[in-house]
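> My questions are about this predicted structure, shown below with the sequence.
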Amino acid sequence: MENAPANTTAQAEMRLSTQELRDDIPFYTKTLKMRMDMIYPADDPTVAVFSGHGLRLRIEKGAPEAPGTLRILTDDPDDFANGARVLNAPNGTRIEIDELNPPLVLPPVQHSFVVRRLADQAPWVIGRAGMHYRDLVPDRLGGAMIASHIRIPDGGPVPDMVHFHKVGFQLIFCVNGWVDVLYEDQGGMRRLFAGDCFIQPPEIRHRVCAASDDLQVIEIGVPADHVTEIDHNMVLPTPHDRPNREWDGQRFVHNVAKGADWRPFRLPGFVCRDTTIAANTQNVAGVQVIQRGIGIPVWARHNSDIHFTFVMQGSMTLEGEGRDPFELAAGDAFVIPPGMKTRYAKPSDDIELLEVTLPGAFNTELEDT
């Protein structure tokens with residue numbers, strides 16, 4: 001269908017059926033607080049049009065449509081219709097009253113030992129803006145988190161819009177290629193290269209603009225099911241550069257791998273570089289990159305609520321107490337529940353791991369050798 005000419009006025013309305021219009025008028029105007037814009041014919045009305053709450057409804061006597069369901073979102077649902085959350089209109093339409101901005105609910109973590117291997121050929125699913133998604137934690141720890149391996153095979157402009165996510169924590173870590181992103185109050189274009197990462201604070205507006213061929217990123221989101229909302233009004237980049245701004249106590253982070261400071265990791269046999277995520281999220285989460293170091297890997301336990309690791313390159317054997325060992329390679333991922341004894345055995349010299357934990361600081365107990 002061709003778009004209407006720019007100088008043409010158009011208006012959309014939803015039609016609902018009724019058997020007796022006179023019963024619907026007080027319900028839609030008084031109970032639902034909508035405005036009646038039209039009614040006809042005057043001697044025996046069969047059609048009335050109501051508007052409000054971003055809707056235009058045409059209630060028509062004898063219309064063939066089913067009554068349907070109408071959802072009204074308000075910042076004070078308890079005061080909207082005398083506290084009723086579900087109503088039935090005289091014409092049979094079900095009315096649901098809900099919160100306009102419901103609080104973010106973080107489900108309790110359902111701990112499990114998870115190993116997801118690239119060789120198992122988990123399906124790639126085409127998601128938002130044409131990106132390909134591979135789920136790295138199928139059970140999502142009971143809805144507590146989602147870990148996605150995302151790729152854009154063919155580089156160039158990305159058909160994205162200014163949007164934001166209603167999350168408690170979100171990480172974007174570049175594994176291969178590069179991606180250009182604009183962020184609210186963070187200056188001009190930001191380019192993320194392999195090894196770099198962004199922390200996207202809750203509800204920061206942003207837009208993915210362009211990507212290289214074979215872009216691959218790891219995206220971690222808490223909780224697993226969260227809303228992505230389009231902002232049709234904001235234009236990026238914004239005129240203000242406010243690097244210290246906070247969203248729900250978290251700051252935007254653009255961590256660059258080049259020139260990073262490598263230090264001994266908490267597990268013998270490895271070194272790590274900190275991405276400053278714990279410091280900039282008030283310890284909501286921690287993100288570290290791990291490589292082979294001096295020493296022999298040992299058995300250890302941790303008490304982190306969520307402990308996720310992605311193998312970026314190299315190989316290793318993941319040994320778990322009471323489990324068969326897993327031979328891991330690039331593209332594999334695993335989750336270790338708190339209290340479970342594990343060992344990162346036989347790491348290759350080129351091993352590189354991405355570790356994401358919630359919270360950022362936790363205790364690790366090493367096995368005596």
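The structure has been received and is ready for your questions. Here the structure is a predicted model, which is why all the values come from computation and not from measurement.
> Leaving out sequence neighbours, find the closest residue to Phe169.
Leaving aside its sequence neighbours, Phe169 sits nearest to Val222 (C-beta to C-beta, 6 or more residues apart in numbering; 4.3 Å). C-betas here are computed from N, CA, C, even on glycine.
> For the one you found, the count of nearby residues, please.
For Val222, the neighbour count with other C-beta atoms under 10 Å is 26.
> quick one: contacts for it?
Neighbouring residues of Val222 by C-beta atoms under 8 Å, 6 or more residues apart in numbering: Leu106, Ala144, Met145, Ile146, Val167, Gly168, Phe169, Gln170, Ala285, Ile306, Leu358.
> Please tell me how far it sits from Val175.
20 Å (C-beta to C-beta, to the nearest Å).
> same deal with Glu327?
Taking C-beta to C-beta, one finds Glu327 at 20 Å from Val175.
> go on, Arg191?
Distance from Arg191 to Val175, counting by C-beta to C-beta: 15 Å.
> Met312 now?
Met312 sits 6 Å away from Val175, going by C-beta to C-beta.
> cool, and Ala278?
21 Å.
> How about Ile199?
Counting by C-beta to C-beta - Ile199 and Val175 are separated by 16 Å.
> higher neighbour count, these two?
For Ile199 versus Val175, neighbours defined as other C-beta under 10 Å are more numerous around Ile199 (25 against 20).
> how near is the more buried one to His53?
Taken as C-beta to C-beta, the span from Ile199 to His53 is 35 Å.
> Which residue, other than its chain neighbours, is closest to Phe334?
Val115 (4.7 Å).
> Output the lowest mean pLDDT helix or strand found in this protein.
Here the helix or strand of the chain ranked lowest by mean pLDDT, DSSP states H and E is strand 125-126, holding a mean of 83.
> right, and the helix or strand after that one?
Moving toward the C-terminus from strand 125-126, the next helix or strand (DSSP states H and E) is strand 132-135.
> Just the residues contacting that following strand, thanks.
116, 122-127, 146-153.
> Show me what it pairs with in its sheet, parallel or antiparallel.
Looking at strand 132-135 with DSSP bridges, its partner strands are strand 125-126 (antiparallel), strand 146-152 (antiparallel).
> returning to what we had before: the contacts of Val222, buried ones only, as a ChimeraX selection?
Selection command for ChimeraX covering only the buried members of the contacts of Val222, criterion 16 or more other C-beta atoms under 10 Å:
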select :144,145,146,167,168,169,170,285,306,358
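> which ones among the contacts of Val222 are found in strands?
Ile146, Phe169, Gln170, Ile306, Leu358 (DSSP state E).
> Kindly reformat those residues as CSV and extend each row with distance to Gly320 and pLDDT.
Formatted as CSV, the ones in strands among the contacts of Val222 follow (distance: C-beta to C-beta, whole Å; pLDDT from 0 to 100):
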residue, distance to Gly320, pLDDT
Ile146, 23, 95
Phe169, 26, 95
Gln170, 28, 96
Ile306, 17, 97
Leu358, 20, 96
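> Closest one of those residues to Thr8?
Distance to Thr8 across these (C-beta to C-beta) is lowest for Gln170, with 41.0 Å.
> which residues in the stretch 1-150 of the chain form strands?
Ranges of strands in the stretch 1-150 of the chain, per DSSP state E, counting those that start in this stretch, are 14-18, 35-40, 47-52, 55-61, 69-74, 86-88, 94-99, 114-116, 125-126, 132-135, 146-152.
> Nearest to Asp332, out of those?
In terms of C-beta to C-beta, the element of the strands of the stretch 1-150 of the chain nearest to Asp332 is strand 114-116, at 6.6 Å.
> I'd like the average pLDDT over the closest one.
Averaged across strand 114-116, the pLDDT comes to 95.
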